[in-house]
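Peer 1: pasted the sequence and its predicted model underneath.
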Amino acid sequence: MRVEGIASVTKELRGLDRKALNELRKHMRANILPITKEIAGEVPPEAPLSGMNHDGVTRWTGVPKSSVSFTPGRGRGGTKRILAMKFTGGTRGGGGIGFDYAELAGSSSRPGARFSRVYDRGGYSGLQHRVTGQGKAFNRGIKDAKPIKGRGGYFVYDSAVKKYRRIEGLGEQAINQFMRDATAELSRIRSTV
């Protein structure tokens, strides 16, 4: 190796490292995103419980939004998971969060609220009402409408668990393709030095 080539190779490798990480993310998203859309598409468009057919904040929203994040080399919160698929039904302001409630029904041991938050309606402020028909009855209703093993993740989680082998295979495909591309790029750099 020529001495004068070391600085340029080092510079190329630093740049390749950043580019490589972005390329790996791109490969992973391209491979996994179609299956997240497939999982989201399996959520029934109609509400699983009749009480969720309304225009309020907790209304059923049908197909949830999906996204994929990939953090190679580290897991969030110290875990070893580096691939995350996120599914959300909506927000309090921009869409019903009924899917989010139903997806996690029964996953918490915390008792439900006895009273609603304080709100304004019709020019009157400081209103509050007793919360009825939620909590354990809601959880039982969801479990009856969509039975699964375990305590939570009734729609997308259940579907993702059943597709685990495919998801893992697609991730492995993306990594292998990335490795082939990175090896070819390193060979190209080496040949120019």
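Peer 2: Arrived safely. Keep in mind that this is a model prediction, so the values were computed, not measured. Numbering: from 1, shown residues only.

Peer 1: which secondary structure element contains the nearest residue to residue 182 once chain neighbours are set aside?
Peer 2: Of all residues not flanking residue 182 in the chain, residue 20 sits nearest, at 5.6 Å (C-beta to C-beta, 6 or more residues apart in numbering). (Each C-beta comes from the backbone N, C-alpha and C, glycine too.) Per DSSP states H and E, residue 20 falls inside helix 5-41.

Peer 1: after that helix, next one along is what?
Peer 2: Following helix 5-41 in sequence, per DSSP H and E, is strand 65-70.

Peer 1: what ranges of the chain fall below the confidence cut-off?
Peer 2: Where the chain drops to pLDDT under 70, the residues are 1-17, 72-81, 92-94, 108-112, 132-134, 193.

Peer 1: centroid-nearest residue for it?
Peer 2: Centroid-nearest residue in the chain: residue 86, 1.0 Å away (criterion: C-alpha atoms, centre = their mean).

Peer 1: that residue contacts residue 64, doesn't it?
Peer 2: No. Between residue 86 and residue 64 there is no contact under C-beta atoms under 8 Å: 9.2 Å.

Peer 1: flag every buried residue along stretch 159-178.
Peer 2: Using 16 or more other C-beta atoms under 10 Å as the test for burial, stretch 159-178 gives 159, 160, 163, 167, 170, 171, 174, 177, 178.

Peer 1: what does that stretch contact?
Peer 2: 20, 23-24, 27-28, 30-32, 35, 38-39, 42, 83, 85, 153 (C-beta atoms under 8 Å, 6 or more residues apart in numbering).

Peer 1: re the thing from before, partners of the residue nearest to the centre of the chain in the sheet?
Peer 2: Judged by DSSP bridges, the bridge partners of residue 86 are residue 67.
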